[in-house]
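Peer 1: Sequence first, then the predicted structure:
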Protein chains: 2
Amino acid sequence: MKCRVCGKPASLSLRAYNTALCADDFIAFLEKRVLQTIRRYKLINTGERPLVAVSGGKDSLALWTILNRLGFAADGMYIDLGIAEYSQTSYLKARAMADELNRRLFRFSIPKVFGKEVAELSRITRRPPCSLCGTVKRYAMNRVCVTEGYSVLLTGHNLDDEASALLGNILYWKEEYLWKKDVVLEGQGSSLAKKAKPFFLCSEREVAAYALLKGIDYVYEECPYAVGARTLVYKNVLNQIEEMSPATKIMFLKGYLKRLRSEPKREQATSCIACGYPTYTEKCNFCSLMDRVGGDQRFAVDTYDPAETRMEPGETRPDNHA
Amino acid sequence: MKCRVCGKPASLSLRAYNTALCADDFIAFLEKRVLQTIRRYKLINTGERPLVAVSGGKDSLALWTILNRLGFAADGMYIDLGIAEYSQTSYLKARAMADELNRRLFRFSIPKVFGKEVAELSRITRRPPCSLCGTVKRYAMNRVCVTEGYSVLLTGHNLDDEASALLGNILYWKEEYLWKKDVVLEGQGSSLAKKAKPFFLCSEREVAAYALLKGIDYVYEECPYAVGARTLVYKNVLNQIEEMSPATKIMFLKGYLKRLRSEPKREQATSCIACGYPTYTEKCNFCSLMDRVGGDQRFAVDTYDPAETRMEPGETRPDNHA
């Protein structure tokens, strides 16, 4: 199998595109594909400042890398869930990438703000950890965008993430979620940032190959709470169908986007009576959580800035970033 | 595992219903389920005469059996595709069931009417055999309903057939087909019969178990043209999801039906300029096919009536039903 571009031996066969590419041309291909997605769906317009949600996994680190290589000066934001080793390792990977890209990395720490880690919050509120984490992430990411002047929050959700979630929503016709997914969600006023997914049409395998070929050092483990058999089965069956009919996942999502445009627009958010940030209820989920479990109302976020913290060899990091 | 009803050893575990049943109670369960579907979705109203599309396979023969056991005086209709042994065997199975139920069986023969079997029609028209067969079946079944005074045509499509077809339509967002499936499609005027699927919510496994337990003698082979890898893969992946989350297939179809009610109604059919039967184009697909390949315009259907052809032991069937 030869690279379609240069004729050298191919490293990767891309059946959805009916092509095969060598490592270098694949890297160029994927970066171009991301740029096309950004342009076509207007994910980042001229003058918009992007912030990347960085978990330390392959998707978010690959995204952060690509954006900066494409010339988008994207900073990062990390949410510390307080899951002992996992959180520590993943933060270190994120910070190493901040160093490499020479970009700022914000961190919102659940244990610092709530005085408890996610597992404990989950016990107190009787909500699944992933649901809690989602509430906190959405809120904190948006609030940092607003207060720090970022216009668009970018997440590393890939084609497989989106297609499997969509399949789950369709199998059970969860109308309340079904028509809320999008490659880009516009912001609202000055308190709700735009959100976008540049990997919407890039498969998990493609992103993983990119991370591997670029030598990106990421956390291999999934979040211990996120190992959902259901999502894995959805991804697996979609890959079986993809195996028989290449490009099915892309067609599934593109067809969905087309259909989505004809669905009624979702309702506008109002302002939370406590914090003033967007909500669809009277008090936002984050403030309700704060009421329920107690916590530091000041919404502390720490910032790691490689430019300010250049280290000499052998020097160790200051404590607040350890 | 014990039968939920009688406490004897169970023959079948039904995870979608969180139950297990012995053979007799399963038979009663499935018949009741079909009756519920018929009542709930108004598949057969009082006074409506049903005709069953009979292929000789497990689904259609089980359906024909159940309808008669439930007290619906349903006759049958068979389409002879002219596929040598397959068609002959399947017609004999259908006729044996006509004898057992003492009901009439109509037969429309593609080779008799068109002078060619499906494979040849396919070559001439360059259309896939299944597409041709669909055109002929829909037309002939409806026309027999209209001319012979049947109000509703019932087909043996089961939960797996419907869910896999729906999945295929959704993965590629085939909007032109997506919103046309239904458990019941009302007729139109005097030339379009109502159509309904009493097994819409009964799985393939359940129908097969019913056929087995009732000792129904059916054609095991699939139609040689119908062996579609694609459908098999869809059925297979849906069963993998069902394995993890029982009742997914039922929820998928029920949710779809609910959603379907909010979609715009499909357009009304007009009358074919040649035969007068319903069409969405000027001339219906059947008449266009007739024009293209030639054929006997008289639309001949033969009728097998067990009441008229009771045989003495050793007597052979008259030739026209052989």
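Peer 2: Structure's in. What do you need? Everything quoted here is computed from the prediction, not taken from an experiment.
Peer 1: How far off centre is stretch A:136-155?
Peer 2: Distance of stretch A:136-155 from the chain centroid (CA atoms, centre = their mean, to the nearest Å) equals 12 Å.
Peer 1: Kindly export that stretch (C-alpha atoms) in CSV.
Peer 2: The C-alpha trace of stretch A:136-155 is given here as CSV (Å, rounded to 0.1, in the frame of the first residue of the first chain):
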residue,chain,number,x,y,z
VAL,A,136,-18.9,21.6,37.0
LYS,A,137,-17.0,21.4,33.7
ARG,A,138,-19.6,23.3,31.6
TYR,A,139,-19.9,26.0,34.2
ALA,A,140,-16.2,26.5,35.0
MET,A,141,-15.1,26.4,31.4
ASN,A,142,-17.7,28.9,30.3
ARG,A,143,-17.0,31.2,33.3
VAL,A,144,-13.2,31.2,32.5
CYS,A,145,-14.0,32.0,28.9
VAL,A,146,-16.1,34.9,30.0
THR,A,147,-13.8,36.3,32.7
GLU,A,148,-10.6,35.8,30.8
GLY,A,149,-11.9,37.1,27.5
TYR,A,150,-12.0,33.9,25.3
SER,A,151,-14.7,33.9,22.7
VAL,A,152,-14.9,30.2,22.0
LEU,A,153,-14.4,27.0,24.0
LEU,A,154,-13.1,24.1,22.0
THR,A,155,-13.4,20.5,23.1
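Peer 1: And the contacts of it?
Peer 2: Contact partners of stretch A:136-155, identified using CB atoms under 8 Å, 6 or more residues apart in numbering or on different chains, comprise A:43-44, A:47-53, A:60, A:63, A:67, A:74-75, A:77, A:79, A:106, A:108, A:110, A:187, A:190-198, A:277-278, A:284-286, A:289, A:299, A:301. Quick note: C-beta positions are derived from backbone N, CA and C, even for glycine.
Peer 1: And the helix or strand bottoming out on mean pLDDT in chain A, what's buried?
Peer 2: Among the helices and strands of chain A, helix A:175-178 carries the lowest confidence by mean pLDDT, DSSP states H and E, at a mean of 86. By 16 or more other CB atoms under 10 Å in any protein chain shown, the buried positions in helix A:175-178 come out as residue A:178.
Peer 1: Kindly report the same for stretch A:274-285.
Peer 2: Buried positions in stretch A:274-285, judged by neighbour count with 16+ other CB under 10 Å: A:274-275, A:277-279, A:284-285.
Peer 1: Would you state the helices of chain A in chain order?
Peer 2: Counting by DSSP state H, chain A has helices at residues A:23-40, A:58-69, A:84-101, A:110-114, A:118-125, A:129-148, A:159-171, A:175-178, A:204-213, A:229-244, A:248-260, A:285-293.
Peer 1: ok, which residues in the stretch 151-300 of chain A are in contact with chain B?
Peer 2: Counting by CB under 8 Å from any CB of the partner chain, the residues of the stretch 151-300 of chain A close to chain B are A:170-173, A:175, A:229-230, A:233-234, A:236-237, A:240-241, A:244-245, A:248, A:251-252, A:255-256, A:258-259.
Peer 1: Identify the farthest-apart pair in the buried residues of stretch A:274-285.
Peer 2: A:274 and A:278 (12.4 Å; CB to CB).
Peer 1: Now the common contact residues for these two.
Peer 2: The overlap between the contact sets of residue A:274 and residue A:278 (CB under 8 Å, 6+ apart) consists of residue A:284.
Peer 1: List the contacts of the residue lying closest to residue A:89 once chain neighbours are set aside.
Peer 2: Spatial nearest neighbour of residue A:89, excluding adjacent residues (CB to CB, 6 or more residues apart in numbering or on different chains): residue A:219 at 5.6 Å. By CB under 8 Å, 6+ apart, the residues touching residue A:219 are A:55-57, A:86, A:89-90, A:93.
Peer 1: repeat for residue A:107
Peer 2: A:77-80, A:91, A:301-304.
Peer 1: ok, of these, which come out buried?
Peer 2: Buried, going by 16+ other CB under 10 Å: A:77-80, A:91, A:301, A:304, out of the contacts of residue A:107.
Peer 1: between those residues, which is nearest chain B?
Peer 2: residue A:79 (29.3 Å; CB to the nearest CB).
Peer 1: The closest one pairs with what?
Peer 2: Beta bridges link residue A:79 to residue A:108 when assigned by DSSP bridges.
Peer 1: where in the stretch 151-300 of chain A is pLDDT low?
Peer 2: Residue ranges of the stretch 151-300 of chain A with pLDDT under 70: A:227-228.
Peer 1: Quick one: neighbours of the closest residue to chain B within the stretch 201-322 of chain A, just the number.
Peer 2: At 2.9 Å from chain B, residue A:255 is the closest residue in the stretch 201-322 of chain A, using CB to the nearest CB. Number of residues near residue A:255 (other CB atoms under 10 Å in any protein chain shown) recorded here: 17.
Peer 1: Does it touch residue B:172 like I think?
Peer 2: Yes: under the contact definition of CB atoms under 8 Å, residue A:255 touches residue B:172, with a separation of 6.2 Å.
Peer 1: State the distance from the residue nearest the centre of chain A to chain B.
Peer 2: When CA atoms, centre = their mean is applied to chain A, the residue found nearest the centroid is residue A:155 (2.6 Å). To chain B, residue A:155 is 24 Å away according to CB to the nearest CB, to the nearest Å.
Peer 1: do residue A:25 as well
Peer 2: Using CB to the nearest CB, residue A:25 is found at 29 Å from chain B.
Peer 1: Who are the contact partners of that residue?
Peer 2: A:3-6.
Peer 1: Kindly report the residues of the stretch 1-150 of chain A close to chain B.
Peer 2: Residues of the stretch 1-150 of chain A lying near chain B by CB under 8 Å from any CB: none.
Peer 1: Check the burial of the residue in the stretch 1-150 of chain A that chain B sits nearest to by counting its neighbours.
Peer 2: Residue nearest to chain B within the stretch 1-150 of chain A: residue A:16 (13.5 Å; CB to the nearest CB). Neighbourhood size, residue A:16 [other CB under 10 Å]: 19.
Peer 1: Surely it and residue A:243 touch.
Peer 2: No: the pair residue A:16 and residue A:243 fails to qualify as a contact (CB under 8 Å) at a distance of 10.9 Å.
Peer 1: Show the contacting residues for residue A:92.
Peer 2: Neighbouring residues of residue A:92 by CB under 8 Å, 6+ apart: residue A:56.
Peer 1: And it, what's its pLDDT?
Peer 2: pLDDT, residue A:92: 97.
Peer 1: and stretch A:181-194, how far apart are its ends?
Peer 2: Terminal residues of stretch A:181-194 lie 13 Å apart, using CA to CA, to the nearest Å.
Peer 1: ugh, typo on my part, it should be stretch A:73-83
Peer 2: Per CA to CA, the first residue of stretch A:73-83 is 30 Å away from its last.
Peer 1: for the record, mean pLDDT for it?
Peer 2: Stretch A:73-83 comes out at a mean pLDDT of 94.
Peer 1: Please state the offset of it from the chain centre?
Peer 2: With CA atoms, centre = their mean, you get 10 Å for stretch A:73-83.
Peer 1: now swap in stretch A:129-142 and tell me
Peer 2: Relative to its chain's centre, stretch A:129-142 lies at 12 Å (CA atoms, centre = their mean).
Peer 1: Give me the neighbour count for residue A:238.
Peer 2: Each residue near residue A:238 was counted by other CB under 10 Å, and the total is 22.
Peer 1: Touching, it and residue A:165? I think so.
Peer 2: No: taking contacts as CB under 8 Å, residue A:238 lies outside contact range of residue A:165: 10.8 Å.
Peer 1: which ones are touching residue A:300?
Peer 2: A:108-109, A:112-113 are the contacts of residue A:300 under CB under 8 Å, 6+ apart.
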